[in-house]
Each structure stands twice: as C-alpha cells, then as structure tokens.
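**Q** Kindly generate the corresponding structure for this input.
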Amino acid sequence: MSSQRDLTFKKLCADIGVDLTQQLRAVPRYELAVEHDGLLYVSGQIPRLRGAVAVAGRVGAEVSFEEARRAARISVLRALAIVRQHAGSMLRVSQMLRMTVHIQSAPNFTEHSEVADAASDVLYELFGEAAGGHTRTTTGVYQLPKNAALEIDLLLALGEREEGASTF
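**A** So this is what the prediction gives:
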C-alpha cells in the first residue's frame, strides 16, 4: 500500500519525466546515499533524464531562468528517488534538514535563490510545512559535472523503518 507522500512523489516525477522504474546507481567510488544515526546524506544530483543531462549550460546565458527552475525540480526529484530507494517509503522521512544548490551561472546572473525555490517548492509540496521545512545554501559556480546547469544534494532525518513498508 502506498502512502499519500509516495503517491504525490510518483505524480511529481511523472509530471516532469523522472523514470522511477530504473534504479539509480553511483559510479564505483561513492555512494548515492549514506545513513548514519538517523540522518540520510544524499549525493549531489544533476538534472539527468533517461541517461542524459536534460538542462546543460550556464544559467543566465545558454539556460533561461525557467529552464533552470525545471532543472532544479528534476534534480531534487532525482535526489528524492534515491531517498525512496534507500528508505523504502517517503513516510520514513521525518524532516528535511538541508538542501544545497550549486548553479552553473553566467557572471551577471543573480537569481540563484529564485531558481532554488523551485526545488524547495517540491519539498514543501511533498512533505508539508512541518517536515518539508529546511535550511538551504545556494551558490553560483563556474562549472559542474557534465556541463549540468545545477546540482542539488540533501540532508534529511529518517524515522524507523516500518514493518512491511511498501516502495509502491
């Protein structure tokens, strides 16, 4: 049985094209997520869809503001897919704690926070005001892996795993 959070997450992924049928994997030298003392650290995620970077280039130059916000939604949904994959259900998330957003930006681009708001909106929509509230740092950087427009990582608190919890 799926929780309302799981169903909302599934809908958000379908709306933007994030494929939940394929398990996300890391290259050999790091983990996608590490759990320690009830905290889950999720590695940085770029806006990759169907194996390719969906939004590449510098925000404010080759990438528009709206394309950058779409990249933020894709990246945070990929990070949340890793959370679901690790935790077994979105119900296990007790609190979002921190999100870091790195934006590959043109020298004159200054709307970093507004781009990151698109990812924050997803967290609030999925987890509500109480559990979705988080701290955030957003920075402009010169370059990101695969020329991605942005990269997002998460830190969150997990509750106990429920007996017989469903992953859908």
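
**Q** all contacts plus neighbour counts: C-alpha atoms, from now on.
**A** OK.

**Q** And the strands in the protein, which stretches?
**A** 33-36, 39-45, 48-49, 52-53, 93-104, 135-141, 150-158 (DSSP state E).

**Q** With mean pLDDT, mean neighbour count and distance to Thr8 added, can I get the ones you listed in CSV?
**A** Converted to CSV, the strands of the chain look like this (pLDDT from 0 to 100; neighbours: other CA atoms under 10 Å; distance: least, CA to CA, whole Å):
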stretch, mean pLDDT, mean neighbour count, distance to Thr8
strand 33-36, 96, 15, 22
strand 39-45, 97, 20, 20
strand 48-49, 94, 17, 19
strand 52-53, 96, 14, 24
strand 93-104, 98, 22, 14
strand 135-141, 98, 15, 22
strand 150-158, 98, 23, 18
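
**Q** Of all those strands, which one is nearest Thr110?
**A** strand 135-141 (8.4 Å; CA to CA).

**Q** The closest one pairs with which strands?
**A** Looking at strand 135-141 with DSSP bridges, its partner strands are strand 93-104 (parallel).

**Q** From the chain's centroid, how far away is the partner strand?
**A** Taking the mean of its C-alpha atoms, strand 93-104 sits 7 Å from the chain's own mean (CA atoms, centre = their mean, to the nearest Å).

**Q** likewise stretch 93-112?
**A** With CA atoms, centre = their mean, you get 11 Å for stretch 93-112.
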